[in-house]
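Visitor: Sequence and predicted model, in that order:
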Amino acid sequence: MITVVEANSKKLLKDFVKFPFKLYKNNPYWVPPLIADEMETFDKTKNPAFSNAEAYFYLALKNNEIVGRIAAIINWDEVNNQQKRKVRFGWWETIDDIEVTKVLLEKVYELGRKNNLEYVEGPMGFSNLDKVGVVTEGFDEIGSMITWYNFPYYKEHLEKLGYVKEKEYLENKFTFDAVHPDTFMKMQELIKKRYELTPVNFTSTKEIMPYVDEMFDLFNSSYSKLSSFVAINDVQKEYFKKKYISFINPEYIKFILDKNKKIISFSIVMPSFSEALQKANGKLFPFGLFHLLNAKKNSKDVLFYLIGVEPEYQSKGVTAIVFAEYYKTFKEKGIKNCIRTPELEDNHAIHNIWKHFNPVIFRRRRTYKKDLL
């Protein structure tokens, strides 16, 4: 018999966080999160996502052993401001038993029906900066710190339970050796002169901080038309600023300013921490921090995390300036592989940015939807 309990204590939340470590033990493609970071994510007193969302965390047990987990989430900004009457599910993990998936999802349905919501979608987190999607292709590729990994049967469970594809995401990569600077070097000089634009590079986190709020405002405006987008509020800006900006190499953050010193484009790249996180196995101490700092300094793989362009400058070649700046940085650091984070299949603007680099799709993932009515 399968029972479900709410993870409503620190001990049960830690069980919730640690379950995937058992499920994916010795899996070469799964990238474990830091346990302390996950615990903070689910702490309503620390994570500002709870200022506009509510979430409940559940564990499935069989013979007194944990066999699955799920988070049931409502993003109230999405429901009230965008009129998307949706309950989300995320952080879903399960053994290969569809009955476990079924009882966990029932908890999500209960939350949705209690609040008169119309459909369920997942897996997804609180906001656009959380992980998203079930892997449907590319199971033999290592994951990243900003994506979920899962076994092939996850897709089968959802489809057998009547779920249909809602959004498709693509993950691409290309080698730095394959990048030919001629495609953007000449163009970027013309674009800078035509629109009076100036690239800004950084050598310290302190230099970046005065720009961060404006960067998040640009993030909201540049992604606002995407079907899945929910804006980041001021409280979340402060949280992300403190938690993440200092973790990113300052030379991997690029801004483009107009003649009035306003940011019209930004890009954030991170070194790949995948292998370092596997070595850390969820813990910063005693050796996890060393592995992460070593990756930050020496990783030859980079992850394109975010890129945004002010709507009025989109399709005007501004990204050529961004690429020119990264080309110089990557060449100096000996970067070998460039990896792109999940991008919506229908985000044609972002795909056009990369077309000259001959990217290869190495993984696909999707969110699934089911009506509650």
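Guide: Nice, thanks for sending it over.
Visitor: Show me which parts of the helix or strand of the chain with the lowest mean pLDDT are buried, residue by residue.
Guide: Ranked by mean pLDDT, DSSP states H and E, the helix or strand of the chain with the weakest confidence is helix 348-354, at a mean of 78. Using 16 or more other Cβ atoms under 10 Å as the test for burial, helix 348-354 gives 350-351, 353-354. Where you see a C-beta, it was placed from the backbone N, CA and C, and this is true even at glycine.
Visitor: do the same with stretch 308-318
Guide: 308-310, 313-314, 317-318.
Visitor: Quick check: of those, which lies closest to residue 132?
Guide: residue 308 (17.5 Å; Cβ to Cβ).
Visitor: for the record, mean pLDDT for the helix or strand containing the closest one?
Guide: According to DSSP states H and E, residue 308 maps onto strand 301-309. Taken as a whole, strand 301-309 carries a mean pLDDT of 93.
Visitor: Give me the sheet partners of it and which way each runs.
Guide: strand 263-271 (antiparallel), strand 337-340 (parallel) (DSSP bridges).
Visitor: Could you export that strand as PDB, CA atoms only?
Guide: C-alpha atoms of strand 301-309 as PDB (Å, rounded to 0.1, in the frame of the first residue of the first chain):
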ATOM      1  CA  ASP A 301      32.800  24.200 -20.400                       C
ATOM      2  CA  VAL A 302      30.500  27.100 -20.100                       C
ATOM      3  CA  LEU A 303      26.700  27.400 -19.700                       C
ATOM      4  CA  PHE A 304      24.800  30.200 -21.400                       C
ATOM      5  CA  TYR A 305      22.400  30.900 -18.600                       C
ATOM      6  CA  LEU A 306      20.500  34.100 -19.700                       C
ATOM      7  CA  ILE A 307      20.600  36.500 -22.500                       C
ATOM      8  CA  GLY A 308      18.200  39.400 -22.900                       C
ATOM      9  CA  VAL A 309      17.700  42.300 -25.300                       C
END
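Visitor: So what are the sheet partners of the helix or strand just after the least confident helix or strand of the chain and their directions?
Guide: Moving toward the C-terminus from helix 348-354, the next helix or strand (DSSP H and E) is strand 360-371. The strands beside strand 360-371 in its sheet (DSSP bridges) come out as strand 119-122 (antiparallel), strand 134-137 (antiparallel), strand 164-175 (antiparallel).
Visitor: which outside residues touch strand 360-371?
Guide: Applying Cβ atoms under 8 Å, 6 or more residues apart in numbering, the contact partners of strand 360-371 are 118-124, 132-138, 141, 147, 158-159, 161-174, 228, 342.
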